[in-house]
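Peer 1: got a structure for you, letters missing:
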């Protein structure tokens with residue numbers, strides 16, 4: 001896929017996943033590094049998320065799991081909201097976090113659950 005189409009596909013996916021407010025906050029990266037922003041949109045969301053084999057909800061399950069594993073809790077917050085936007089239920093997200101406890105440990109799972117609780121309250 002040519003670069004402009006990759007970017008357009010990524011931007012479209014981001015509109016499905018994230019609120020305007022979240023997208024505006026994410027775009028702060030563009031002010032610092034337009035190149036990194038282009039990579040995020042074109043590769044991260046255009047090349048990866050726009051693929052057809054997995055649904056956006058399935059991709060968010062993978063993303064949530066990897067963010068918890070890494071301890072990337074700031075990005076977890078944004079992707080928890082995206083997961084809800086794709087149709088994942090509160091119960092499914094809670095179960096995902098509980099399941100992660102056995103693989104990444106209780107400290108990361110507890111922190112992820114606390115963040116999820118905040119996101120659930122906001123919704």
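Peer 2: Structure received. Since the structure is predicted, the reported quantities are computational estimates derived from the model, not experimental observations.

Peer 1: which residue ranges form the helices in the chain?
Peer 2: Counting by DSSP state H, one finds helices in the chain at the ranges 3-17, 20-26, 28-32, 34-39, 56-70, 73-85, 90-104, 106-122.

Peer 1: What distance do you get for the residue positioned nearest the centre of the chain to residue 39?
Peer 2: Residue closest to the average C-alpha location in the chain (Cα atoms, centre = their mean): residue 79, at 3.0 Å. Distance check for residue 79 against residue 39: by Cβ to Cβ, to the nearest Å, it reads 18 Å. Every C-beta, even on glycine, is put in place using the N, C-alpha and C of the backbone.

Peer 1: thinking again about what came up before, next, the contact list for the residue nearest to the centre of the chain, please.
Peer 2: 60, 63, 64, 67 (Cβ atoms under 8 Å, 6 or more residues apart in numbering).

Peer 1: Kindly report the same for residue 41.
Peer 2: Applying Cβ under 8 Å, 6+ apart, one finds that residue 41 lies in contact with 7, 10, 11, 14.

Peer 1: Next one: residue 6 from residue 48, what distance?
Peer 2: For residue 6, the distance to residue 48 - Cβ to Cβ - is 10 Å.

Peer 1: Please say which of the two ends up with more neighbours.
Peer 2: Neighbour tally, residue 6 and residue 48, criterion other Cβ atoms under 10 Å: the higher count belongs to residue 6, 18 against 15.

Peer 1: Quick check: that one vs residue 51, distance?
Peer 2: Applying Cβ to Cβ to residue 6 and residue 51 gives a distance of 12 Å.

Peer 1: likewise residue 21?
Peer 2: 26 Å.

Peer 1: before we move on, the earlier item: now render the helices of the chain as JSON lines, adding mean pLDDT.
Peer 2: JSON lines is the format used below for the helices of the chain (pLDDT from 0 to 100):
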{"stretch": "helix 3-17", "mean pLDDT": "94"}
{"stretch": "helix 20-26", "mean pLDDT": "93"}
{"stretch": "helix 28-32", "mean pLDDT": "94"}
{"stretch": "helix 34-39", "mean pLDDT": "96"}
{"stretch": "helix 56-70", "mean pLDDT": "98"}
{"stretch": "helix 73-85", "mean pLDDT": "97"}
{"stretch": "helix 90-104", "mean pLDDT": "98"}
{"stretch": "helix 106-122", "mean pLDDT": "98"}
